[in-house]
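Asker: Coordinates for the following, if possible.
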Amino acid sequence: MTSGQAAFPRVARLTRRLRWNPLALDIAVRSGVYPRPVHLPHIPGVDPSGVIAQIGAGVTGRKIGDRVVAIPWRGAPDAPRRSVGLEEPGGYAQLVRLPVDATVLVPEALDFQTATII
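Answerer: Residues are numbered from 1 along each chain as shown. This next block holds a predicted model:
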């Protein structure tokens, strides 16, 4: 594991508790009409939500068991935006590696399906 990877938590997608509905972006990517190129091999699933299963060394502000949804992020202020399911492997995977800044806590009162589309 590199030092860059150590700062990334891993977020589990809850397939048993989550009724996952593809978003419009997922449909556009799968049908080939999304305007930006998606490089193969590709794992779809834009903006997945789930429970943090692992935390990298030095990560603060999140803990194992936190309910989160993924959001787009930038590696640096002038870097291009990155998104799970577009430029990065998506939520159809069992685990998704994300920078901690690319997660938002999901309140207990909000289900994962709703959190994914808000």
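
Asker: distance between the strand ranked longest in the chain and the chain's centre?
Answerer: Secondary structure of the chain per DSSP state E: the longest strand is strand 49-54. Remark: strand 49-54 is offset 10 Å from the chain centroid, using C-alpha atoms, centre = their mean, to the nearest Å.

Asker: avg pLDDT for that strand?
Answerer: The average of the pLDDT scores along strand 49-54 is 84.

Asker: which strands and helices sit next to it?
Answerer: Counting contacts by 3 or more C-beta pairs under 8 Å, 6 or more residues apart in numbering; DSSP states H and E, strand 49-54 is packed against strand 10-13, strand 67-70, strand 95-97, helix 112-117. Placement of C-beta: from N, CA and C, glycine included.

Asker: Show me what whichever helix or strand comes after the second one is packed up against.
Answerer: Beyond strand 67-70 on the C-terminal side, the first helix or strand identified by DSSP states H and E is strand 73-74. Strand 73-74 sits against strand 81-82, with contacts defined as 3+ C-beta pairs under 8 Å, 6+ apart.

Asker: Point out where this protein drops to low pLDDT.
Answerer: Applying pLDDT under 70 to the chain flags residues 1-22.
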